[in-house]
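Participant: quick check, what structure comes out for this input:
(one chain, ligands or ions: 1)
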Amino acid sequence: KILVIGAAGQLGSELTKALSDRYSGEQVIATDLNADAKEKFDYCRFEVLDVLDQEKVKNLVRNEGITQIYHLAAVLSATGEKRPLFAWQLNMDSLLFILELAREFKLNKIYWPSSIAVFGPNTPSVNTPQYCVKEPNTVYGISKQAGERWCEYYFEKYGVDVRSLRYPGLIGYKSLPGGGTTDYAVDIYHKALKGEKFTCFLKEDSMLPMMYMPDAIKATIDLMEAPKESVKIRSSYNLAGMSFTPKEIYESIRTHYPNFEIEYQPDFRQAIADGWPDSIDDHFAREHWGWKPSYDLEAMTQDILENLPKYFEF
Ligand code: VAH
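Facilitator: From the prediction side, this is the model:
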């Protein structure tokens, strides 16, 4: 039985649905801090849960016979810079608690997302390797790097089967743009459909590694279903989908909406994006558990423009 923590977030809302479709709704309990999220989960059980409420998490795991936890709750990069100590506390205390719980209850598997945010300004920025200098300069990135160290430690020392992916910027149409530095690439589609001019908070040539949500979901389930011995990297796997700049995603939308306009007004998030890679080398994921992305920028833009109007009023 699967417990999803942070189920109402950008990744959680899509991953929870995919898990329920795959293993049936009775096998999944979706939880989130936000009680309003209950209406989104008509296909599985939903509980309000603060991941830092350790007693409640423990009771759920014990009483519901949970065997796997997907711990997706975190403060993302941009929001984290506004509340550094809270971001560190939530991101780290929650992970350590979940790893301890997994050890104590001998849980079958744990999933925890990492991010390209673990890389910093002096990391090689093109085809960033799995192993390289990582000096993240955001609280979010620092928490993800430290979290990767703890995941590997709990695997090596206690045999906790925790698995992780360094997601690029994730782009989906089922949730509104959030506190991520890559969320401009979600918002741009909403503005195009509203017929509004898009103000981009990054420079036009800010190349970033990105991934369409269906690819991220596939990678996550492929990793979690891979035989234990093929998951050779227990910090977190590099994962790549595509790379593009604000100008390129804008151009891909303009082929569908010729009058769509953009202006660039870089803000504090530009410095965060500047510290991240342009592109990622994910050959270990391809070799160890057969990773292969399906979507490029054109395919993503086509799919989002087609489906976004079904999810939000325009
Ligand atoms: C963020 N979307 O911007 C997240 C992600 C690579 C970026 O970790 O914080």
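Participant: for the ligand, what is the nearest residue in the stretch 151-300 of the chain?
Facilitator: Taking CB to the nearest ligand atom, the ligand has its nearest neighbour within the stretch 151-300 of the chain at residue 180, 2.8 Å off. Backbone N, C-alpha and C define where each C-beta goes, glycine included.
Participant: which residue packs closest to that residue, ignoring adjacent ones?
Facilitator: Nearest-residue entry for residue 180: residue 76, 4.5 Å, with adjacent residues in sequence omitted and distances by CB to CB, 6 or more residues apart in numbering.
Participant: next up, the contacts around that neighbour.
Facilitator: Remark: with contacts taken as CB atoms under 8 Å, 6 or more residues apart in numbering, residue 76 is in contact with 140, 178-181.
Participant: quick one: residue 288 is in a helix?
Facilitator: Yes. With DSSP: H, G, I helix; E, B strand; the rest coil as the criterion, residue 288 is assigned to a helix.
Participant: thought it was touching residue 229?
Facilitator: No. Checked against CB atoms under 8 Å, the pair residue 288 and residue 229 is beyond contact range at 9.8 Å.
Participant: between those two, who's got more neighbours?
Facilitator: The neighbour comparison of residue 288 against residue 229 (other CB atoms under 10 Å) goes to residue 288, with 16 against 7.
Participant: ok, that one - contacts?
Facilitator: Under the criterion of CB under 8 Å, 6+ apart, the neighbours of residue 288 are 226, 230-233, 237.
Participant: same check on residue 29?
Facilitator: Residue 29 sits in contact with 1-4, 44-47, 60, 64, 66, where contact means CB under 8 Å, 6+ apart.
Participant: so which of the contacts of residue 288 is the most crowded?
Facilitator: Ranked by neighbour count (other CB under 10 Å), the contacts of residue 288 have residue 237 at the top, with 24 neighbours.
Participant: wait, it sits on residue 166?
Facilitator: Yes. Because the distance of 6.4 Å satisfies CB under 8 Å, residue 237 is recorded as touching residue 166.
Participant: before we move on, back to that, buried subset of the contacts of residue 29 as a PyMOL selection?
Facilitator: Entered in PyMOL, the line below selects the buried ones among the contacts of residue 29, by 16 or more other CB atoms under 10 Å:
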select buried, resi 2+3+4+44+46+47+60+66
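Participant: for the contacts of residue 29, which one is nearest residue 123?
Facilitator: Set against residue 123, the nearest of those by CB to CB is residue 4 (30.7 Å).
Participant: please settle this for me: is that closest one part of a strand?
Facilitator: Yes. Under three-state DSSP, residue 4 sits within a strand.
Participant: that one reaches residue 15, doesn't it?
Facilitator: Yes. Taking CB under 8 Å as the contact criterion, residue 4 and residue 15 are neighbours in contact, 7.0 Å apart.
Participant: what touches both of the two?
Facilitator: 70, 72.
Participant: list the buried ones in the top helix by length along the chain?
Facilitator: Under DSSP state H, the helix in the chain containing the largest number of residues is helix 139-158. Along helix 139-158, the positions that meet the burial threshold by neighbour count (16+ other CB under 10 Å) are 139-148, 150-152, 154-155.
Participant: next one: stretch 258-275
Facilitator: Within stretch 258-275, the residues scored as buried using 16+ other CB under 10 Å are 260, 262, 264, 266, 269-270, 272-273, 275.
Participant: ok, stretch 58-69 next?
Facilitator: Across stretch 58-69, burial judged by 16+ other CB under 10 Å covers 60-61, 66, 68-69.
Participant: much appreciated, bye for now.
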